[in-house]
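Asker: Quick one: sequence and predicted model below, then my questions.
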Amino acid sequence: MEIEVIENKDNKLRFILRGSNDTFVNTLRRVIISEVPTLAIEDIILVENTSPILDEIVAHRLGLIPLTTPTDEFTVASECENCNGEGCQFCSIPLTLEIENITDNTITVYSKELQSNDPKVVPVSTKIPIAKLGPGQKIILEAIAMMGRGKEHAKWSPVVTCSYRYYPKVIQNVSKCTGCMECADACPKNILQVNKKTVKLTDPLECLLCDLCTNACTYDSLKMGKVDGDYIFFLESTGALHPKDIFRKATEILKNKSKDLETAYKIAHENYLKVKK
């Protein structure tokens with residue numbers, strides 16, 4: 001198995017995975033989405049809210065604000081042995097929000113108003129709107145951010161999107177090709193090039209495998225196929241974790257699950273042999 005990184009900037013990671021299969025690549029995708037843990041606001045202690053936004057809506061909006069998550073510094077709350085999911089220093093961290101509109105105009109409360117005791121745990125963006133306050137209105141609350149997994153709630157998922165597609169290749173019967181350029185004209189990405197009746201992909205990474213070129217070929221000389229075992233994998237982080245940390249954590253989780261399965265099988269096999277005797 002080989003990996004070729006083709007994009008790693010901001011919150012985006014794109015790479016080509018070679019020598020794999022559908023089952024493994026999809027498992028990796030699902031682990032990234034639902035198993036890699038992050039911090040997100042779970043509980044709200046609302047002291048005062050005179051804004052026009054209902055308490056439940058304020059809590060919901062706060063829960064969906066991505067928080068930067070220090071890798072390996074917190075335990076998943078539901079798996080925490082110190083508090084059994086109730087929240088403690090090992091699996092949660094408090095944040096506060098206290099703001100009052102002392103102006104004569106309407107103001108917007110943004111995520112930058114959330115204050116944390118830990119500089120490593122802050123909103124990913126300072127410009128996420130929470131509520132609008134009229135003159136004299138205020139919001140005072142304490143929020144408890146807990147470590148969780150995407151399979152428990154989408155707010156704990158570390159990615160905005162995580163997907164893969166097959167690495168494309170052109171399958172052509174040159175003897176049927178007339179060089180009419182219909183396939184190249186039909187390509188929405190303009191990445192097909194026809195040279196002496198030979199069709200080539202100028203940028204395989206941009207191919208959507210949409211089959212518009214295949215359908216446009218009147219003489220049935222062209223179709224788009226895939227390179228067996230090769231995939232283009234893409235993920236975009238919410239900002240809670242860096243993409244490379246998400247990928248590293250996902251592979252660690254996969255390894256641990258494999259070890260747990262192996263251990264469980266050995267125990268089951270030993271018990272089976274004892275019963276058989």
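Answerer: Ah, there it is.
Asker: Now do the strands in the stretch 101-250 of the chain.
Answerer: Under the criterion DSSP state E, counting those that start in this stretch, the stretch 101-250 of the chain contains strands at 107-110, 115-116, 129-133, 138-148, 159-172, 192-195, 198-201, 222-237.
Asker: now the angle from the last one to strand 159-172?
Answerer: Right, the one you point to is strand 222-237. 160 degrees (axes from the mean of the first three to the mean of the last three Cα atoms, to 10 degrees).
Asker: Strand 222-237 pairs with which strands?
Answerer: strand 12-18 (antiparallel), strand 159-172 (antiparallel) (DSSP bridges).
Asker: Of the ones you listed, which is nearest K255?
Answerer: strand 12-18 (16.8 Å; Cβ to Cβ). In short, each C-beta sits where N, CA and C put it, glycine included.
Asker: Go through that closest one and flag the buried ones.
Answerer: L13, R14, F15, I16, L17 (16 or more other Cβ atoms under 10 Å).
Asker: Tell me the helix or strand right after it.
Answerer: helix 22-34 (DSSP states H and E).
Asker: Put the alpha carbons of that next one into CSV.
Answerer: What follows is helix 22-34 as a C-alpha-only set of coordinates in CSV (Å, rounded to 0.1, in the frame of the first residue of the first chain):
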residue,chain,number,x,y,z
ASP,A,22,-13.1,-0.6,-1.3
THR,A,23,-13.6,-2.2,2.1
PHE,A,24,-10.5,-0.7,3.7
VAL,A,25,-10.9,2.7,2.2
ASN,A,26,-14.5,3.0,3.3
THR,A,27,-13.6,1.8,6.8
LEU,A,28,-11.0,4.5,7.0
ARG,A,29,-13.6,7.1,5.9
ARG,A,30,-16.2,5.9,8.5
VAL,A,31,-13.6,5.9,11.3
ILE,A,32,-12.6,9.4,10.5
ILE,A,33,-16.2,10.6,10.5
SER,A,34,-17.5,8.8,13.5
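Asker: if we can go back for a sec, pick out whichever of the buried residues of strand 12-18 sits closest to C177.
Answerer: Nearest member of the buried residues of strand 12-18 to C177, counting by Cβ to Cβ, is I16, at 28.3 Å.
Asker: Return the residues in contact with that closest one.
Answerer: I16 sits next to I3, E4, I6, Y167, D230, Y231, I232, F233 when contact means Cβ atoms under 8 Å, 6 or more residues apart in numbering.
Asker: And what about Q89, helix, strand or coil?
Answerer: Three-state call for Q89 (DSSP: H, G, I helix; E, B strand; the rest coil): coil.
Asker: Next up, the contacts around it.
Answerer: Counting by Cβ under 8 Å, 6+ apart, Q89 has no contacts.
Asker: ok, G150 touching V31?
Answerer: No. The pair G150 / V31 is not scored as a contact, 9.7 Å apart, by Cβ atoms under 8 Å.
Asker: Okay, now the unreliable bits of this protein?
Answerer: When residues are selected by pLDDT under 70, those of the chain lie in 277.
Asker: So what pairs up with the most centrally placed residue in it in the strands?
Answerer: In the chain, the centroid-proximal residue (Cα atoms, centre = their mean) is V159; its distance is 1.8 Å. Under DSSP bridges, the beta-bridge partners of V159 are S237.
Asker: What's the separation between the closest residue to C187 other than its chain neighbours and V275?
Answerer: Counting by Cβ to Cβ, 6 or more residues apart in numbering, C187 lies nearest to C213, which is 5.3 Å off, once chain neighbours are set aside. With distances taken as Cβ to Cβ, to the nearest Å, C213 is found 60 Å from V275.
Asker: neighbour count winner among those two?
Answerer: C213 (25 against 7; other Cβ atoms under 10 Å).
Asker: what's that one in contact with, if anything?
Answerer: Contacts of C213 by Cβ under 8 Å, 6+ apart are C183, A184, A186, C187, L192, L222, M224.
Asker: Tell me which two in those residues are the farthest apart.
Answerer: Using Cβ to Cβ, the pair of the contacts of C213 lying farthest apart is A184 and M224, separated by 12.7 Å.
Asker: number of nearby residues for the nearest residue to F74 once chain neighbours are set aside?
Answerer: Nearest residue to F74, sequence neighbours excluded (Cβ to Cβ, 6+ apart): M147, at 4.3 Å. Look at M147: counted by other Cβ under 10 Å, it has 24 neighbours.
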